[in-house]
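*Asks:* Output the structure for:
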Amino acid sequence: ATARFEYDLAPGLVLSNTARFTMTSLDYIATNPDDSKGNVANGYLYRAVKSRGSESKSWYNVTELSGEAQAWGMHHSFAMGVEVSKEDSSNAGYTVDTGSTTTCDASNVGAASGYNCTDLYNPNPYDPWDGSISRSTSASSGTVRTLSVYGFDTVEFNDQWQANAGLRYDDFRVERTSTGGRGGDYAGSDHSQFLTFQAGVVYKPRPNGSIYFNVGTAAEPSGVSNGEGGDNLSSDAEDLDPVITTSFELGTKWDVFGDRLSLTAAVFQNGTDNARETENGVTKNIGKTRVRGVELGFSGRVTPKWEVFGGMTLLDAVLLDDGDGSNDGNTLANTPQQSFSLWSTYDVSDRVTLGGGATFTGSQYGDESNIRKVPSYWVVDAMAAYKLTENASLRLTVNNVADRRYIERSYSTHYATVGAGRSVTLSAALDF
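*Replies:* Residues are numbered from 1 along each chain as shown. Predicted coordinates:
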């Protein structure tokens, strides 16, 4: 639920307030393929149980003063405000008893193992489930409170030059408790305060083109995911500094074909000097990473009937220092060196539009040691749309037309994310 209030204090000066409340829950029990028991090498698979029973409630409020003004012969567009938020999360999964069999062989596939074991290459999806379910005694809960103050101003010096700058202060507090589970009992908290900034300059040599340079910082405190992701507060991380990333970008944008098509190009670098890495079993702010890249993009209409979107990104992502030196100079995990996308639509008639596109993702490593490597892949999509009336239309979308099997990303453990297979969707839109 969102409520917004806005009041015009004076011409060009607006006071606004936005309040939002969200509540989400996730409750499931699932079995997933598990190769941690040493069964895969023998052609069998253990069905491990995963469960979750979580709830998250978030409160958010921002009060902002924004406007435009003339000062010292220059035009200013500014915004300043205060944000406060609170998020409470809790999770208590399930205890699922399906027996104690975890070692699989030909003698216990199926009923003999309580259906915990199955054939790796020919699993039976119709195996019945046999076991008991109860709420787990292992549980966790957490609370995040933030207070932020920010200000941003864009200054137009003349028709060709403008500059912008912003500053933000954050006060971040997190508390977390857990009982049971693989990590054992834990109760801890962390309090972080940090400043981040953004600054840039834009030069317009011609009315249809611009060149810009931006620099900025971003911060990630410990425990930011609050139980809903991979960066949860723990005894290893509760006293660490926020990870600060500094970014530089130089780019240009040009509108061509009568401003119908936009072309963009940029070079950039993102660097971190205090990433969290482990040294002699202790997590510290000692890691250094650097990502350099080139990005090209295009979007708009080549002709009144032909529309295109796409781009290409080239990355050089390096782990400069991992704490103990064992992986220094390696490529960052889950960071492909090349990626490319293209999407195009064509208006065959006033009622019919056809479209299609392709996405390419280059090979990438799943760990800092650069041992596990995910191969590159292409995915092709297509669509067709039909306009029934001025206010109603139908759209048929086919994702992954070739039903290509691919891995989106891998992890340092024995897991990987499998890409979605072919899907066909028919949707209707009604404008009124």
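*Asks:* Low-confidence regions, the stretch 201-350 of the chain specifically.
*Replies:* By pLDDT under 70, the weakly predicted segments of the stretch 201-350 of the chain are 227-230, 278-282.
*Asks:* again, 80 this time
*Replies:* By pLDDT under 80, the weakly predicted segments of the stretch 201-350 of the chain are 224-239, 276-286, 323-324.
*Asks:* Look at the residue nearest to residue 222 when sequence neighbours are not counted and tell me its secondary structure.
*Replies:* Nearest non-adjacent residue to residue 222, counting by Cβ to Cβ, 6 or more residues apart in numbering: residue 237, 4.3 Å away. Backbone N, C-alpha and C define where each C-beta goes, glycine included. Three-state assignment for residue 237 (DSSP: H, G, I helix; E, B strand; the rest coil): coil.
*Asks:* if I pick residue 237, what's in contact with it?
*Replies:* 190, 222-223, 231, 276, 283 (Cβ atoms under 8 Å, 6 or more residues apart in numbering).
*Asks:* In strands, which of those fall?
*Replies:* Among the contacts of residue 237, the residues falling in strands (DSSP state E) are 190, 276, 283.
*Asks:* Surely the last one touches residue 276?
*Replies:* Yes - with contact defined as Cβ atoms under 8 Å, residue 283 counts as touching residue 276 (5.6 Å).
*Asks:* does residue 309 have beta-bridge partners, and which?
*Replies:* residue 299, residue 343 (DSSP bridges).
*Asks:* Wait, it touches residue 298, no?
*Replies:* Yes - between residue 309 and residue 298 there is a contact under Cβ under 8 Å: 7.3 Å.
*Asks:* Which residue ranges of the stretch 201-350 of the chain form strands?
*Replies:* For the stretch 201-350 of the chain, applying DSSP state E, counting those that start in this stretch gives strands covering 209-220, 243-256, 261-279, 282-301, 306-321, 338-347.
*Asks:* would a markdown table of those with distance to residue 354 and mean neighbour count be doable?
*Replies:* Shown next, in a markdown table, are those (distance: least, Cβ to Cβ, whole Å; neighbours: other Cβ atoms under 10 Å):
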| stretch | distance to residue 354 | mean neighbour count |
| --- | --- | --- |
| strand 209-220 | 32 | 16 |
| strand 243-256 | 24 | 16 |
| strand 261-279 | 20 | 17 |
| strand 282-301 | 15 | 16 |
| strand 306-321 | 11 | 17 |
| strand 338-347 | 6 | 16 |
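*Asks:* Dump these into CSV; add distance to residue 117 as well.
*Replies:* What follows is the strands of the stretch 201-350 of the chain, written out as CSV (distance: least, Cβ to Cβ, whole Å):
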stretch, distance to residue 117
strand 209-220, 41
strand 243-256, 42
strand 261-279, 35
strand 282-301, 37
strand 306-321, 39
strand 338-347, 39
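*Asks:* how many neighbours does residue 130 have?
*Replies:* By other Cβ atoms under 10 Å, the residues close to residue 130 number 12.
*Asks:* Residue 326 too?
*Replies:* For residue 326, using other Cβ under 10 Å, the count is 9.
*Asks:* Could you look up the SS state of the closest residue to it other than its chain neighbours?
*Replies:* Closest residue in space to residue 326, ignoring its immediate chain neighbours: residue 369 at 7.5 Å, by Cβ to Cβ, 6+ apart. What three-state DSSP gives for residue 369 is coil.
*Asks:* hang on, residue 369 packs against residue 330?
*Replies:* Yes - applying Cβ under 8 Å, one finds residue 369 in contact with residue 330, separated by 7.0 Å.
*Asks:* which one of these two has more residues nearby?
*Replies:* Counted by other Cβ under 10 Å, residue 369 and residue 330 do not tie: residue 330 has more neighbours, with 18 against 14.
*Asks:* who's in contact with the residue lying closest to residue 350 once chain neighbours are set aside?
*Replies:* In this structure, residue 350 finds its nearest non-sequential neighbour in residue 387, 7.2 Å apart by Cβ to Cβ, 6+ apart. Each residue near residue 387 by Cβ under 8 Å, 6+ apart is listed here: 350-353, 393.
*Asks:* Mind giving me the ChimeraX command for buried ones among those residues?
*Replies:* The ChimeraX selection below is limited to those of the contacts of residue 387 classed as buried (16 or more other Cβ atoms under 10 Å):
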select :353,393
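*Asks:* tell me which of the contacts of residue 387 is nearest to residue 125?
*Replies:* Comparing the contacts of residue 387 against residue 125 with Cβ to Cβ places residue 393 closest, at 37.6 Å.
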